[in-house]
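In: give me the fold of what follows.
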Amino acid sequence: MKKNLHTLFQKVMLLLNSFFDKYIFTGTLKYTHSNFFLVDVPFVIAPTNILIGLSSDDNSEFQKKIYSEVKKGTADYFLQKIVELGIDNQRQLKFVQDFFIGSGWGNIQVIDLNYDSKRAIVVVENSPFSFSLKGKTKVECDVFIRGVFAGLFSKIFNTDIDCVEVECFVLNAERCKFIVKPKSEFDFSNEIVQRQLPLED
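Out: Residues are numbered from 1 along each chain as shown. Purely as a prediction, here's the structure:
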């Protein structure tokens, strides 16, 4: 029975995409005790609509709490596990990018990256959140993705980094666009920044 489940798991992952394929054969992607693990990090496959309700809530204070928790979890746990593997900054970025693309979070591209100034611009095409919420909300909706980017780049740049979604597919942009940089460099007189970032973590 266990062997049959493992074989079924492999077939499902192979059907999804090639990202998970290599981890199956290196033994770092496992299905144990009814849970998925990738390099010892637990993860789930879940319908997008489970998270859509949280993403569409227009209470900015609630959104800021989600953002802060996702940022903290990404930097303190997820990225820490990757760092323990001895992966350098460039490979950490590539791993996280490929992991989230492979997990159905859209096509993520870092289009500008400056280690010296600790800044990045990231775009996401086909975000499952903005795609599902098109026409249903009037504010940027990719709070989970923002939190992941903030946590990721905080670890990579070794300083506290924040992320603001400046363009969103739900607001008729062609794709979602994110600015990543230290909080002190954001203009808090800007309505988008006020809505998305907590003044203090």
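In: residues touching residue 75, list them.
Out: Contact analysis of residue 75 by C-beta atoms under 8 Å, 6 or more residues apart in numbering lists 150, 151, 152, 154, 155. For glycine as for every other residue, the C-beta is placed from the backbone atoms N, C-alpha and C.
In: so for it, what's the nearest residue that isn't a sequence neighbour?
Out: residue 151 (3.8 Å; C-beta to C-beta, 6 or more residues apart in numbering).
In: confidence score at that neighbour?
Out: At residue 151, the pLDDT value in this model is 95.
In: residue 69 is in contact with that one, correct?
Out: No - counting by C-beta atoms under 8 Å, residue 151 does not reach residue 69; the two are 9.9 Å apart.
In: do a quick rundown of the strands in the chain.
Out: 29-32, 35-38, 41-43, 107-114, 119-125, 161-167, 176-182 (DSSP state E).
In: ok, residue 151 and residue 69, which is more surrounded?
Out: A direct count of neighbours by other C-beta atoms under 10 Å for residue 151 and residue 69 places residue 151 higher, at 26 against 12.
In: look up which residues are beta-bridged to residue 29.
Out: According to DSSP bridges, the residues that bridge with residue 29 are residue 38.
In: which of the strands of the chain sits closest to residue 59?
Out: Closest approach to residue 59 among the strands of the chain (C-beta to C-beta): strand 161-167, 16.6 Å.
In: contacting residues around the residue lying closest to residue 169 once chain neighbours are set aside?
Out: Nearest residue to residue 169 in three dimensions, chain neighbours excluded: residue 130, at 3.8 Å (C-beta to C-beta, 6+ apart). By C-beta under 8 Å, 6+ apart, the contact set of residue 130 is 141, 142, 168, 169, 170, 176.
In: the third one: how many residues sit nearby?
Out: In this case it means residue 168. 24.
In: how about the second one?
Out: Other residues lying near residue 142 total 26 when counted by other C-beta under 10 Å.
In: so it makes contact with residue 126?
Out: No - if you go by C-beta under 8 Å, residue 142 and residue 126 don't touch, sitting 11.7 Å apart.
In: contacts only, for residue 49.
Out: Counting by C-beta under 8 Å, 6+ apart, residue 49 has contacts residue 132.
In: measure it to residue 96 for me?
Out: 24 Å (C-beta to C-beta, to the nearest Å).
In: now the helices for the protein?
Out: 2-16, 18-25, 49-56, 60-73, 79-83, 89-102, 128-133, 143-157, 191-196 (DSSP state H).
In: got a list of contacts for the shortest one?
Out: What that stands for is helix 79-83. Residues contacting helix 79-83 (C-beta under 8 Å, 6+ apart): 39, 40, 41, 92, 95, 96, 151, 152, 155.
In: one more time with 7 Å, if that's ok
Out: Contacts with helix 79-83, where a contact means C-beta atoms under 7 Å, 6 or more residues apart in numbering, come from 39, 40, 41, 92, 95, 151, 152, 155.
In: okay, now the closest residue to the second one other than its chain neighbours: neighbour count?
Out: What that stands for is residue 40. Leaving aside its chain neighbours, residue 40 sits nearest to residue 81 (6.1 Å; criterion: C-beta to C-beta, 6+ apart). For residue 81, the count of nearby residues is 14 (other C-beta under 10 Å).
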